[in-house]
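J.: no sequence on this one, just coordinates:
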């Protein structure tokens, strides 16, 4: 994956994102859409996984058939909203190892505060996909990637639903080696660090805590 930013313009992705943006969309429907769209985005973020072959026997003959190479993927959810994306990606890649980075945003400074970190072993030998629905200021995402690299991760990519030019620039400055895959590059941040037009607080909408 060479591009720093990949926007997935697939019609189903864009349609589902529109439904998620709507204020009237219920918590249950929002949660289901998030699961569905994350599976579609997972196709793009895993497009260049390393492959090898192995011998298998079909009902008719033996053959050399393609299969994934190397250690199991590591999926890392940036809590709490990342869990919505995580669920969908896990449906597609059920054998993946799973980790969690607990960060919350200080609403005054907009800086991330860490409260939890638990990730799979041998990150240096795994392709790591960090998931968080929103790339807003980029501060939490950069902090999460800092922690993952500190734990040994080398091959990392970031998956989100919506990003801002400010967040993408912040990530590129701090981690130019981490590609970003998103469904949308939105217009901008507002004065309190929320994405415009955005879809509101993804965690609140997913868990019904708004």
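T.: Thanks, I have the structure now. Everything quoted here is computed from the prediction, not taken from an experiment. Residues are numbered from 1 along each chain as shown.

J.: From here on, just use CA atoms for contacts and neighbour counts.
T.: Fine.

J.: and the residue nearest to residue 134 when sequence neighbours are not counted, bridged to which residues?
T.: Distances taken as C-alpha to C-alpha, 6 or more residues apart in numbering place residue 162 nearest to residue 134, at 5.2 Å, with adjacent residues excluded. Beta-bridge partners recorded for residue 162 (DSSP bridges): residue 134, residue 184.

J.: okay, now residue 162: neighbour count?
T.: 24 (other C-alpha atoms under 10 Å).

J.: my guess is it contacts residue 183, does it?
T.: Yes: counting by C-alpha atoms under 8 Å, residue 162 touches residue 183, with 6.0 Å between them.

J.: where does this structure have low pLDDT?
T.: 1-2, 110, 210 (pLDDT under 70).

J.: Which residue ranges of it form strands?
T.: All strands of the chain, identified by DSSP state E, fall at 5-7, 51-57, 62-68, 74-79, 97-105, 112-118, 127-131, 134-135, 155-163, 180-185, 188-189, 195-196.

J.: winner for burial among those strands?
T.: Stretch with highest mean neighbour count among the strands of the chain: strand 134-135 (a mean of 29; mean count of other C-alpha atoms under 10 Å).

J.: what's the offset of that strand from the middle of its chain?
T.: 9 Å (C-alpha atoms, centre = their mean, to the nearest Å).

J.: Tell me which other helices or strands it touches.
T.: strand 155-163 (3 or more C-alpha pairs under 8 Å, 6 or more residues apart in numbering; DSSP states H and E).

J.: And the residue nearest to residue 134, how close does it get to residue 196?
T.: To residue 196, residue 162 is 10 Å away according to C-alpha to C-alpha, to the nearest Å.

J.: residues shared between the contacts of those two?
T.: Between them, residue 162 and residue 196 share these contacting residues under C-alpha atoms under 8 Å, 6 or more residues apart in numbering: residue 186.
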